[in-house]
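S.K.: Whatever this is, show me its structure:
(chains A and B)
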Amino acid sequence: MEKALIKLENISFGYNSFPVLENINFELKSGEKVGLIGPNGSGKTTFLYIIMGFLKPVSGKVFIFGRERKKDKDFLEVRQKLGLLFQDSDSQLFCPTVKEDIAFGPLNLGKSRNEAKEIVKNIAKVFNIEHLLDRPIYKLSGGEKKIVALATVFAMNPVCYLLDEPSSGLDEDTRNKLIKFLKNHVKTCLIVSHDRKFLKETVNKIYILKNKKVSLYQDF
Amino acid sequence: MHLEVFAEGNSFFHSLDPRVKILVFIPFAILCAISKGIIIPLLYFMLSLTFILIAKPNLKVFLNRLAGANFFILFIWIFIPLSYKSNPYISLGFLKLSYKGLEYALSITLKCNAIIFATIALLSTSTIFSLAHAMLHLKFPSKLVTIFFLFYRYITVMHEEYIKIKRAVLARGFTPGTNLHTYRTYAYIVGALLIKSFERSEEIYKAMLARGFKGFFPLFEHFKLKKLDVAFAIFANFIVISIYLLGIYK
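M.R.: Here you go, the predicted structure:
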């Protein structure tokens, strides 16, 4: 049997005693492509933040790559190997120019400057953003920011992708390109989205997060 | 950022009308600040301690705030007793401590803490919004109130931006080290923080303009003055003023 990449055991979480998640169990195996849907405010982003270690569960255990993760230190490896796309691209980008932002991840992984440059070039070609590379981030449009944010995640070549609403704000062309890329180059991913069509084309099964619980969505 | 930690609760002070709290706080702060000696500040300190006991703030957060403020008072304890030119001295080798200076430092410490206690018990138990609101009711200049309110609003914005950037950096596996990459990243974080906060504030401002903002916040809900509020205002102000008069005529 395939070892679970991400495993959550009896996770509960709440904001100031306002419960969001209750006794959640979840497993993501290597090679699985999973979607996560749920009403607004049901805790989908919270769920991703717990996996990345940005939020610490009130109770329960987080296992990633087969090891329990508790402290910030344990999550360093997790953050280098999981690629998180933030829901709001403004949260993702912080470097002065697009090119530097894309290179930031690879540099953290210990790549040399030349290797990072090579990665930036390749990624830019895939996402068709070569003309944006030297532009300052804060002058990009909303949709452009989304593509660049996606590019920064893909540049790290993560083991598993955690994408928070990747398709929102993209035009038809870019959306199709993203679907193609997810189909061909991505082995394992967890995609949070409200876009059923997009999920149908990119994932094999869908979970629904509702009333503080995660369950398999049968209607897929 | 959660700045209004003490605003949640259900003590007597939480249910008081914010206008009354401001009207008790201002005389308290002024009279306490101008009082002299040890005894009078001590009485004010005990009064504000009673306020704190009634307000029952979260002890850990409360002590944390106190530690922050008293760190600055520590310097007063170092400098005043050593530099005060007055006899008699306590000699510790070549150091000479003045009694008068020690007394003065103690007085300042008591006054500062009394006012901090009163701020936490009286003002922090209301939300910033209701305080701003109460200030408008009390005919404070509306420009001042708007600045006060937006100041709070934008500190929160900056802090939110900081948390977002920190997450973005961590999410891509950044580990600080002694190298150019680390320094450059820190510089980017500061730069991005400035630009993003500025952009966000512009956006918030546009959102306010789009909803017809004219430079001040209109009053929406009105406070209701209860008998208990009036009773507290009179009783508390009576004590505050009595303590001060006691200092003058003793």
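S.K.: And the lowest-mean-pLDDT helix or strand in chain B, what does it pack against?
M.R.: Sorting the helices and strands of chain B by mean pLDDT, DSSP states H and E puts strand B:89-92 at the bottom, at a mean of 74. For strand B:89-92, the elements it packs on are strand B:95-98, judged by 3 or more C-beta pairs under 8 Å, 6 or more residues apart in numbering or on different chains; DSSP states H and E. From N, CA and C alone the C-beta is placed, and that goes for glycine too.
S.K.: so, in contact with chain A or not, the host helix or strand of residue B:160?
M.R.: For residue B:160, the enclosing helix or strand under DSSP states H and E is helix B:142-171. Yes - residues of helix B:142-171 contacting chain A under C-beta under 8 Å from any C-beta of the partner chain: B:164-165, B:167-171.
S.K.: pLDDT weak spots in the chain?
M.R.: In the absence of a named chain, this looks at chain A. A:1-2, A:219-220 (pLDDT under 70).
S.K.: please go with chain B instead
M.R.: Residue ranges of chain B with pLDDT under 70: B:1-2, B:86-88, B:210, B:212, B:214-221.
S.K.: Quick check: residues of it near chain A?
M.R.: Looking at chain A, the residues of chain B close enough under C-beta under 8 Å from any C-beta are B:164-165, B:167-175, B:181, B:185, B:188-189, B:191-192, B:195-196, B:199.
S.K.: Mind checking which of the residues you listed are buried?
M.R.: The neighbour count (16 or more other C-beta atoms under 10 Å in any protein chain shown) marks B:164-165, B:167-174, B:181, B:185, B:188-189, B:192, B:195-196 as buried among the residues of chain B next to chain A.
S.K.: Check which residues of the helix holding residue B:160 are buried.
M.R.: Neighbour counts over helix B:142-171 (16+ other C-beta under 10 Å) mark B:145-146, B:149-150, B:152, B:157-158, B:161-162, B:164-165, B:167-171 as buried.
S.K.: OK, contacts around the residue of chain B found nearest chain A?
M.R.: Closest approach between chain B and chain A, counting by C-beta to the nearest C-beta: residue B:173, at 3.3 Å. By C-beta atoms under 8 Å, 6 or more residues apart in numbering or on different chains, the contact list for residue B:173 reads A:76, A:79-81, A:105, A:108-109, A:156.
S.K.: what does residue B:138 give?
M.R.: So residue B:138 contacts B:19, B:22-23 (C-beta under 8 Å, 6+ apart).
S.K.: By neighbour count, which of those wins?
M.R.: residue B:19 (21 neighbours; other C-beta atoms under 10 Å in any protein chain shown).
S.K.: Taking the centroid of the chain, which residue is nearest it?
M.R.: I went with chain A, as the question did not name one. Centroid-nearest residue in chain A: residue A:162, 2.3 Å away (criterion: C-alpha atoms, centre = their mean).
S.K.: That was the other one, I meant chain B.
M.R.: Note: chain B centre (C-alpha atoms, centre = their mean) maps to residue B:119, 6.0 Å.
S.K.: neighbours around the nearest residue to it once chain neighbours are set aside, how many?
M.R.: Spatial nearest neighbour of residue B:119, chain neighbours left out: residue B:25 (7.1 Å); criterion: C-beta to C-beta, 6 or more residues apart in numbering or on different chains. Burial of residue B:25 is recorded as 20 neighbouring residues (other C-beta under 10 Å).
S.K.: Backbone dihedrals for residue B:25, please?
M.R.: Main-chain dihedrals, residue B:25, degrees, to the nearest 10: phi -70, psi -40.
S.K.: Chain B contacts on chain A?
M.R.: By C-beta under 8 Å from any C-beta, the residues of chain A that approach chain B are A:52, A:54, A:75-76, A:79-81, A:84, A:86, A:88, A:90-96, A:100, A:104-105, A:107-109, A:138, A:152, A:156.
S.K.: Please name the residues that touch residue B:63.
M.R.: Per C-beta under 8 Å, 6+ apart, neighbours of residue B:63: none.
S.K.: Please state the offset of the helix or strand containing it from the chain centre?
M.R.: Using DSSP H and E, residue B:63 falls within helix B:59-83. Per C-alpha atoms, centre = their mean, to the nearest Å, the displacement of helix B:59-83 from the mean C-alpha position of its chain is 14 Å.
S.K.: try stretch A:21-32
M.R.: With C-alpha atoms, centre = their mean, you get 15 Å for stretch A:21-32.
S.K.: where does the closest residue to chain B within chain A fall, helix, sheet strand or coil?
M.R.: Nearest residue of chain A to chain B: residue A:80, at 3.3 Å (C-beta to the nearest C-beta). Of the three states, residue A:80 takes helix under DSSP: H, G, I helix; E, B strand; the rest coil.
S.K.: Strands of chain A, start to end?
M.R.: Counting by DSSP state E, chain A has strands at residues A:4-15, A:18-29, A:33-37, A:59-64, A:67-68, A:82-85, A:160-164, A:189-192, A:205-210, A:213-216.
S.K.: neighbouring strands for the last one, and are they parallel or not?
M.R.: According to DSSP bridges, strand A:213-216 forms sheet pairs with strand A:205-210 (antiparallel).
S.K.: Over to the fifth one?
M.R.: When pairs are called by DSSP bridges, strand A:67-68 turns out to pair with strand A:59-64 (antiparallel).
S.K.: And the helices in the chain?
M.R.: This is for chain A. A:44-52, A:72-81, A:89-92, A:98-108, A:113-127, A:142-154, A:172-185, A:196-202 (DSSP state H).
S.K.: Oops, wrong one, chain B.
M.R.: For chain B, the helices defined by DSSP H occupy B:12-15, B:18-34, B:39-55, B:59-83, B:99-118, B:128-137, B:142-171, B:180-210, B:227-249.
S.K.: tell me the residue furthest from the middle of chain B?
M.R.: Most remote from the centre of chain B, using C-alpha atoms, centre = their mean: residue B:93, at 39.8 Å.
S.K.: Roughly how far does the residue nearest to residue B:43 when sequence neighbours are not counted sit from residue A:40?
M.R.: Sequence neighbours aside, residue B:243 is the residue nearest to residue B:43 in space, at 4.8 Å (criterion: C-beta to C-beta, 6+ apart). In this view, residue B:243 and residue A:40 are 54 Å apart by C-beta to C-beta, to the nearest Å.
S.K.: cool, and residue B:225?
M.R.: For residue B:225, the distance to residue A:40 equals 39 Å [C-beta to C-beta].
S.K.: Please give me every residue in contact with the closest residue in space to residue A:20 that isn't next to it in sequence.
M.R.: Of all residues not flanking residue A:20 in the chain, residue A:43 sits nearest, at 4.1 Å (C-beta to C-beta, 6+ apart). Going by C-beta under 8 Å, 6+ apart, residue A:43 touches A:13, A:20-21, A:209, A:212.
S.K.: what's the most distant pair in those residues?
M.R.: The span of the contacts of residue A:43, defined through C-beta to C-beta, is set by A:13 and A:209 at 11.9 Å.
S.K.: just to revisit the earlier point, does the residue nearest to residue B:43 really touch residue B:41, like I thought?
M.R.: No - under the criterion of C-beta atoms under 8 Å, residue B:243 is not in contact with residue B:41, lying 9.5 Å apart.
S.K.: What's the local residue count around residue B:229?
M.R.: Neighbours of residue B:229 using other C-beta under 10 Å come to 19.
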